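Asks: Okay, here's the prediction I keep looking at, along with the sequence it came from:
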Amino acid sequence: MANEKSKGRVLVIDDEWNIRDILSNVLQAEGFEVETADDGSVGIEKINENPYDIVITDLKMPKVSGMEVLRHIQSLNSSTLGIIATGYGSIESAVEALRTGAYDYITKPFHLDEIKSRVNKAREYQSVMSENKTLRKQLRSSNQIENLIGNAPGMIELKRLILNVADSDSTALILGESGTGKELVAKAIHYHSSRAEKPLVPVNCGAIPEDLLESELFGHVKGAFTGATANRIGRFELADGGTIFLDEIGDMSPKLQVKLLRVLQEHQLEPVGSTKTINVNVRIIAATNRDLEADVNEGRFREDLFYRLNVIPIEIPALRDRIEDIPLLVAHFTEDFKRTRGRSFLGFTDAAHQCLNGHAWAGNVRELENLIERMTILNADREVDIEDLPEKFAGARALSEPTVAAEIPDSGINFNNLVDQYERVLIGKALEKSGGVKNQAALLLNIKRTTLVEKMKKKGMLD
């Protein structure tokens with residue numbers, strides 16, 4: 001609704017000119033675009049003609065009351081938030097207005113800092129709700145659980161677990177290496193739960209400095225510390241009724257671990273610098289790539305908090321443990337980048353696919369996604385072959401054909417997968433040399449025929 005430089009568009013409706021002027025001057029100085037109306041009927045006309053983020057309306061006006069303005073806003077089914085301005089003797093009416101659909105109310109006479117704080121809080125809440133509404137639409141249109149690509153046994157179990165626990169409202173701890181898709185799992189849990197219509201608020205605990213993280217999570221009051229020029233609502237309060245996703249929870253300091261434990265136990269928090277207790281109804285989903293049990297044993301993570309978080313542990317398999325999903329992921333990312341980059345990319349040759357299967361994938365799915373993006377840009381209109389792959393795939397490339405020795409790159413290799421690929425190549429060549437006769441192929445490999453058949457069966461080569 002607002003232009004890029006503005007914090008939002010506000011309409012002030014009040015029959016007293018001095019009130020209109022005060023609110024207009026205060027909010028304009030705060031960075032909002034402000035328009036005014038001297039009566040509810042004029043305000044409704046303006047609302048019909050222009051979009052506003054927030055409407056602040058007096059409750060009692062001679063012609064059309066603030067309650068009627070509120071009802072009109074509700075009838076439009078818009079994202080506009082209504083705030084009632086009322087005298088001390090009208091609290092009951094203000095409560096009724098809240099039931100009618102008002103976001104908040106402000107009492108007269110005004111405290112200017114409170115006005116700024118309330119309007120900023122409303123705008124912040126509105127932004128989060130808008131972001132989550134967009135995200136919900138995107139997720140629902142693509143069938144959330146299907147965003148988790150893969151049919152390996154570990155992925156099938158992961159999807160089953162997500163659907164089972166989504167509506168339980170219990171705290172979940174997502175475990176997995178970096179790049180496995182922990183935030184995707186958190187989103188799938190939230191959007192399959194009864195809280196799906198409420199906010200999902202993510203916080204990367206490892207990316208925010210410790211001295212700022214407490215304020216980010218729990219909010220602060222004006223004057224709580226240097227630079228705290230106004231009250232600020234925290235992420236937990238923003239997530240009220242919904243879900244908060246605490247990524248990299250293992251990086252949280254002991255001091256914050258204590259405060260988080262209280263939220264888990266009491267469903268209460270106190271903003272930084274405040275003695276006021278705020279009740280919150282929030283589901284907590286945490287995630288980490290660390291071994292929290294080891295951190296507990298070494299005194300880096302609170303044992304009581306660990307057991308509070310680890311009610312439902314959800315482990316995401318590493319990509320190297322589900323190489324059968326690599327073709328599905330390659331196809332998914334290839335189509336995605338072809339669509340977004342507008343380039344024609346024909347995928348990978350069989351030899352290049354073998355190299356992908358033998359790679360260590362330290363960065364997991366994120367590393368594979370980055371590779372596909374790079375290959376899409378650099379190899380339009382043709383298949384990617386072995387020599388087109390980056391240098392770190394040299395180890396897998398060297399082992400894609402039987403050799404006496406192979407170099408191991410600094411990025412490492414996936415030993416079990418490469419041994420499997422090596423055996424496949426040897427069996428394939430023995431069968432080719434023997435014309436497909438298994439007895440003869442077994443003799444060439446110097447193993448029993450039953451051993452050969454068993455290996456072929458495990459590798460899906462009998463067909």
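Replies: Cool, got the structure. Bear in mind that the values here come from a model prediction, so they are computed numbers and not experimental data.

Asks: Gln74: how many residues sit nearby?
Replies: Neighbourhood size, Gln74 [other Cβ atoms under 10 Å]: 14. Where you see a C-beta, it was placed from the backbone N, CA and C, and this is true even at glycine.

Asks: Any buried residues in the strand or helix carrying it, and which?
Replies: For Gln74, the element it lies in under DSSP states H and E is helix 66-76. Buried residues in helix 66-76, counted by 16 or more other Cβ atoms under 10 Å: Gly66, Met67, Glu68, Val69, Leu70, His72, Ile73.

Asks: and the gap between the first one and Gln28?
Replies: Per Cβ to Cβ, to the nearest Å, Gly66 is found 22 Å from Gln28.

Asks: ok, now the second one?
Replies: In this structure, Met67 and Gln28 are 27 Å apart, going by Cβ to Cβ.

Asks: What is the nearest of the buried residues of helix 66-76 to Ala102?
Replies: Ala102 lies nearest to Leu70 out of these, by Cβ to Cβ, at 5.6 Å.

Asks: OK, contacts around that closest one?
Replies: Applying Cβ atoms under 8 Å, 6 or more residues apart in numbering to Leu70 gives the contacts Thr57, Gly82, Ile84, Ala97, Thr100, Gly101, Ala102.

Asks: avg pLDDT for the helix holding Gln74?
Replies: Per-residue pLDDT values across helix 66-76 average out to 88.

Asks: And that helix, how far out from the chain middle?
Replies: Computed by Cα atoms, centre = their mean, to the nearest Å, the separation of helix 66-76 from the middle of its chain amounts to 34 Å.

Asks: Can you pull out the residues in contact with the helix or strand just after it?
Replies: Using DSSP H and E, the helix or strand that follows helix 66-76 in sequence is strand 81-87. Strand 81-87 has contacts (Cβ under 8 Å, 6+ apart) with 14, 19, 53-60, 66, 69-70, 73, 93-94, 97-98, 101-108, 110, 118-119, 122, 125-126.

Asks: Spell out which strands sit alongside strand 81-87 in the sheet and which way each one runs.
Replies: strand 54-58 (parallel), strand 104-108 (parallel) (DSSP bridges).

Asks: Could you export it as CSV, CA atoms only?
Replies: What follows is strand 81-87, C-alpha atoms only, in CSV (Å, rounded to 0.1, in the frame of the first residue of the first chain):
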residue,chain,number,x,y,z
LEU,A,81,-5.9,-2.7,10.7
GLY,A,82,-8.3,-0.5,12.7
ILE,A,83,-7.2,1.2,15.9
ILE,A,84,-9.8,2.9,18.2
ALA,A,85,-9.0,6.2,20.0
THR,A,86,-11.2,6.6,23.1
GLY,A,87,-11.5,8.6,26.3
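
Asks: and the angle from that strand to helix 66-76?
Replies: Taking axes from the mean of the first three to the mean of the last three Cα atoms, to 10 degrees, one finds strand 81-87 and helix 66-76 inclined to each other by 170 degrees.

Asks: other SSEs contacting the helix or strand that comes right after strand 81-87?
Replies: Of the helices and strands lying after strand 81-87 in sequence (DSSP H and E), the nearest is helix 91-100. On a contact count with 3 or more Cβ pairs under 8 Å, 6 or more residues apart in numbering; DSSP states H and E, helix 91-100 meets helix 66-76, strand 81-87, strand 104-108.

Asks: Okay, buried residues for stretch 108-116 please.
Replies: Buried residues in stretch 108-116, counted by 16+ other Cβ under 10 Å: Ile115, Lys116.
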